[in-house]
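# sharing a model prediction with you, sequence too.
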Amino acid sequence: MRRGSSGPAFASLCARMQATDTSRRLPIGAELELLKPEWLITNGLGGYASGTIAGPVTRGYHGLLVAALPTPLGRMVLLSHLWERVRLPDRTVVVLSAEERRGARNLDGARKLIEFRLEGGLPVWLYDLGGRTLEKRVLMPHRQNTVYVQYALRGEGTLRLTLRPSTPFRPHHAPVNEPLPRRPVITATEGRYELSVGEPLPVLRFDLCADAAAFTIDERTVQDVLYRVEEARGYEALGELWSPGYFRLDLTADHAATLVASVESWQTVRALEPAAAWAAEHERRQRLIAAAAPRARSGFAAELVLAADQFIVTPIGRVEDSARAKATGDEVRSVVAGYHWFTDWGRDTMISLEGLTMVTGRYLEAGYILRTFAHHVRDGLIPNLFPERDEEALYHTADATLWFFHALDRYLELAGDVATLERLLPTLIEIIRRHIAGTRFGIGMDAKDGLLRQGAAGYQLTWMDAKVGDWVVTPRRGKAVEINALWYNALRLLEGWLFAMGDKATGGMMHEHADLARASFNERFWYPAGGYLYDVVDGEIGDDSACRPNQVLAIALRHPVLDPSRWAPVLETVRARLLTPVGLRSLAPGHPDYKPRYDGDLRARDAAYHQGTVWAWLIGPFVDAWLRAYPHDREAAHRMLEGFPVHLREACIGSIGEVFDAEAPFSPRGCIAQAWSVAEVLRAWIKTDGQS
């Protein structure tokens with residue numbers, strides 16, 4: 001049994017962390033409200049720890065250790081919950097862990113909570129225990145499937161703390177009522193505790209760093225645990241929490257106590273004492289802030305720099321990718337699109353790349369990401385996504401590959417990495433040639449007008465990709481407005497790169513295709529009756545005049561395809577009908593398909609996903625378009641972002657969610673932390689902050 005961290009030394013470290021400009025305190029209100037805000041920390045592998053501020057698990061995705069494991073296992077909830085009990089010196093027992101069961105709720109612990117805060121992005125809870133304060137912290141060491149849960153006493157005397165872990169060994173996508181794979185085997189040797197359910201699942205190891213500590217084997221199952229968010233989303237909502245026993249320890253002000261849970265080797269688990277692990281992570285986070293753009297090193301922007309770090313991962317399951325990259329002197333990096341349930345998606349990665357890696361000064365990793373995806377180009381397409389628990393990528397996307405050109409352009413401008421351009425140029429030429437000739441899913445250029453069409457039965461190929469069973473909610477088959485804005489931009493970018501590299505013949509061909517596409521776009525996409533752009537032309541039912549945010553990309557990209565004379569009316573229409581305090585609506589009110597709320601079961605949610613629901617990431621392109629038309633109106637552009645600092649305390653504390661209801665109060669929905677939301681808000685915030 002290892003001793004706990006030194007109290008004074010650890011307190012000094014915490015004070016330094018608290019003094020940084022990235023602390024965020026959450027006001028403590030009614031205990032039921034504490035079931036809504038959630039916290040999230042990640043480990044750089046795709047694994048995470050997450051839960052409610054109050055403590056109860058309300059999602060199947062909640063857990064203190066959701067480990068990212070090699071294919072085919074994927075992410076698994078290994079440590080779901082800790083039941084925490086404190087015995088005071090007068091032998092009064094206080095139950096800190098809150099839980100909710102069908103017909104019963106225990107929020108006593110939440111009533112003792114006097115403060116929740118993030119220190120450098122890491123969660124801290126303070127509980128009032130009658131003149132004493134109990135502090136709790138959670139940490140995941142970088143690139144380890146390990147979690148530290150630490151307790152420290154601020155006050156006199158000794159507290160007896162009992163911790164009972166719940167260990168479901170459940171894939172994080174599995175229903176909450178999925179039973180244990182088999183009865184676990186519990187072993188204890190010289191203070192080392194292991195829990196195993198057999199191959200191929202990992203061994204879960206526990207290490208308790210504390211004084212006067214012991215473990216008691218006492219198997220217990222709690223029935224009918226209610227996962228209220230799953231219930232609201234129409235999924236299985238009642239499950240079991242199984243525990244192998246409980247840890248007991250005495251807590252004094254001199255020594256903090258830390259419970260470590262991990263699937264790493266014992267050598268790794270015990271390589272760092274708890275205080276050293278916290279110091280190492282604090283130092284890593286300080287370096288992240290220091291490496292970011294100067295105007296992103298304090299305040300709201302610095303919080304987003306730390307939030308951005310959660311999405312940049314080394315995908316642990318793709319062994320071939322790692323071996324190939326290392327052989328060429330590279331590393332594999334990717335971007336988790338959102339927590340809790342998304343994996344790495346091509347489109348989200350390319351849209352997010354500038355905000356996640358270049359505003360934050362992580363140019364080396366930006367190059368890794370671009371080269372990783374370039375290796376996976378097939379038939380002129382980069383992957384739409386890498387499915388969890390599967391080594392094969394899926395390619396059903398018409399825009400991710402075109403966003404790849406945009407991301408590469410931003411990288412080249414900011415990092416100046418000509419070697420990567422030279423390396424990727426043959427791939428870029430082949431991508432365009434495959435699009436001209438036609439590739440998978442009906443993606444191909446119409447030779448008559450130079451515009452790009454897309455569409456295949458049963459597939460959702462644009463970013464508006466909701467699908468329920470066989471129902472593609474917004475198929476948008478034909479020539480979509482943002483696809484052609486991206487197509488034109490890609491042609492112009494490749495034209496410029498080819499001329500810079502001395503290939504005038506191929507560059508001239510790109511120039512001709514771009515000229516034709518631009519002329520056709522301005523002829524075909526202008527909707528004179530509305531004063532904005534059609535969303536799709538030559539679609540299954542003709543031209544679609546739905547007012548959607550996709551049209552802003554015709555102005556926002558480096559090479560805007562829309563004639564400048566039409567910028568002002570488009571932007572005014574989008575501002576008046578689609579702009580909200582937290583992003584752009586995906587469809588304007590008044591359309592027959594408009595949905596004001598994104599809630600209910602899966603079918604109801606997907607029916608609203610792109611039919612009014614607000615998307616935070618769209619504020620980035622809108623700000624770009626606004627500043628292109630009105631380059632001196634940075635103040636107005638910055639005001640468009642003012643709703644996001646408020647949002648950082650209402651859903652996932654310290655991060656930005658995926659979507660919001662289309663009407664006030666614009667309640668957050670979907671993933672609690674989304675890569676392109678964080679990336680685009682951070683990028684737009686720095687671009688409009690008025691200091692340059």
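Looks like it arrived, so ask away. Numbers count the residues shown, from 1 in each chain.

# quick one: the strands in the stretch 151-300 of the chain, in order.
Secondary structure of the stretch 151-300 of the chain by DSSP state E, counting those that start in this stretch: the strands cover 158-166, 170-171, 185-189, 192-196, 204-209, 211-226, 238-252, 257-262.

# can you tell which of these is closest to Ser565?
Closest approach to Ser565 among the strands of the stretch 151-300 of the chain (CB to CB): strand 170-171, 54.3 Å. Any C-beta I mention is one placed from the backbone N, CA and C, and that applies to glycine too.

# where does the stretch 501-650 of the chain have low pLDDT?
In the prediction, the stretch 501-650 of the chain carries no residues with pLDDT under 70.

# what about the helices in it?
Here the stretch 501-650 of the chain has its helices, by DSSP state H, counting those that start in this stretch, at 504-524, 553-556, 567-577, 602-608, 619-629, 634-639, 643-647.

# so which of the ones you listed is the most packed in?
helix 553-556 (a mean of 26; mean count of other CB atoms under 10 Å).

# show me what that helix is packed up against.
Judged by 3 or more CB pairs under 8 Å, 6 or more residues apart in numbering; DSSP states H and E, helix 553-556 is in contact with helix 481-500, helix 567-577, helix 619-629.

# please redo it, this time with the cut-off set to 7 Å
helix 481-500, helix 619-629 (3 or more CB pairs under 7 Å, 6 or more residues apart in numbering; DSSP states H and E).

# export these to CSV and append columns for distance to Gly234.
Listed next are these as CSV, based on distance: least, CB to CB, whole Å:
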stretch, distance to Gly234
helix 481-500, 31
helix 619-629, 30
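
# figure out which of those helices is closest to His142.
helix 619-629 (27.5 Å).

# now do the closest one: which elements does it pack against?
Using 3+ CB pairs under 7 Å, 6+ apart: helix 619-629 touches helix 553-556, helix 567-577, strand 583-585, helix 634-639, helix 675-688.

# which residue ranges of the stretch 51-200 of the chain form helices?
Using DSSP H, counting those that start in this stretch, helices in the stretch 51-200 of the chain cover 108-112.

# just for it, where's the confidence low?
Applying pLDDT under 70 to the stretch 51-200 of the chain flags residues 103-106, 108-109.

# 80 instead, please
Scanning the stretch 51-200 of the chain for pLDDT under 80 picks out 98-111.

# Met76 is nearest to which of the helices and strands packed on helix 619-629?
Across the helices and strands packed on helix 619-629, closest to Met76 is helix 675-688 (CB to CB), at 21.8 Å.

# circling back to that earlier point, out of the strands of the stretch 151-300 of the chain, deepest packed?
strand 257-262 (a mean of 26).

# distance of Arg164 relative to Glu84?
8 Å (CB to CB, to the nearest Å).

# anything in contact with each of the two?
Counting by CB atoms under 7 Å, 6 or more residues apart in numbering, Arg164 and Glu84 have no contacts in common.

# in TSV: the strands of the stretch 151-300 of the chain, plus distance to Asp321.
Below are the strands of the stretch 151-300 of the chain laid out as TSV (distance: least, CB to CB, whole Å):
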stretch	distance to Asp321
strand 158-166	34
strand 170-171	22
strand 185-189	34
strand 192-196	29
strand 204-209	27
strand 211-226	38
strand 238-252	35
strand 257-262	25
